[in-house]
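Peer 1: Only the shape, not the letters, is given here:
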């Protein structure tokens with residue numbers, strides 16, 4: 001069993017390394033997200049769900065910049081990548097709000113624990129969306145560089 005797992009990881013090494021980098025970048029983005037959430041809630045400026053939304057946006061900026069630079073070797077321009085990133089992030093934002101509302105208001109889970117659970121669940125969506133679509137390599141245009149007769 002252990003040798004099978006080792007073989008599987010060896011065969012998927014680029015994906016494992018990429019996911020590890022994504023998690024590292026995600027920790028930096030999550031730190032910004034959680035600090036923003038904590039500051040807004042503890043200062044009485046926003047409730048946990050709205051504070052989480054504000055933190056999500058702040059962490060999203062960090063996520064875009066670092067993931068584009070370190071996790072995904074993006075071949076798309078910012079003009080091509082930003083709208084795709086934004087759409088993946090918008091779905092994640094809606095998931096974030098829905099899960100936070102469920103955990104905090106319906107299940108009465110403390111807001112920082114609720115945000116931790118929400119972040120873990122959202123990571124599965126965002127990694128997949130960013131890897132397969134937002135930062136996916138852009139196919140070369142047909143006849144790129146070809147001369148016209």
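Peer 2: Noted; the coordinates are in hand. Predicted, not measured: the structure shown is a model, and the values here were computed from it. Residues are numbered from 1 along each chain as shown.
Peer 1: and residue 31, what helix or strand is that in?
Peer 2: Using DSSP states H and E, residue 31 sits in helix 13-42.
Peer 1: what's the answer for residue 112, then?
Peer 2: helix 111-129.
Peer 1: Which strands and helices lie in contact with that helix?
Peer 2: If you count contacts as 3 or more CB pairs under 8 Å, 6 or more residues apart in numbering; DSSP states H and E, helix 111-129 packs onto helix 13-42, helix 48-66, helix 78-101. For glycine as for every other residue, the C-beta is placed from the backbone atoms N, C-alpha and C.
Peer 1: For residue 129, which of those is the nearest?
Peer 2: For the helices and strands packed on helix 111-129, the distance to residue 129 is smallest for helix 78-101, at 3.7 Å, taking CB to CB.
Peer 1: ok, and what's touching that closest one?
Peer 2: Contacts of helix 78-101 with the rest of the structure, by CB atoms under 8 Å, 6 or more residues apart in numbering, involve 48-49, 52-53, 56-57, 60, 63-64, 68, 74, 76, 111, 114-115, 117-118, 121-122, 125-126, 129-130, 133-135, 138.
Peer 1: Mind checking which of those residues are buried?
Peer 2: 48-49, 52-53, 56, 60, 63-64, 68, 74, 76, 111, 114-115, 118, 122, 126, 129-130, 134-135 (16 or more other CB atoms under 10 Å).
Peer 1: dump the residue contacts of the one residue sitting closest to the centre of the chain.
Peer 2: Central residue of the chain (CA atoms, centre = their mean): residue 126, 4.3 Å from the mean position. Shown in contact with residue 126 (CB under 8 Å, 6+ apart): 63, 88-89, 92.
Peer 1: hmm, 10 Å instead?
Peer 2: 22, 26, 29, 60, 63, 67, 85, 88-89, 91-92, 95, 119, 134 (CB atoms under 10 Å, 6 or more residues apart in numbering).
Peer 1: Turn the helices and strands packed on helix 111-129 into a markdown table, columns for distance to residue 2 and mean pLDDT.
Peer 2: Shown next, in a markdown table, are the helices and strands packed on helix 111-129 (distance: least, CB to CB, whole Å; pLDDT from 0 to 100):
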| stretch | distance to residue 2 | mean pLDDT |
| --- | --- | --- |
| helix 13-42 | 16 | 94 |
| helix 48-66 | 33 | 94 |
| helix 78-101 | 35 | 91 |
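Peer 1: I appreciate the help and will end here.
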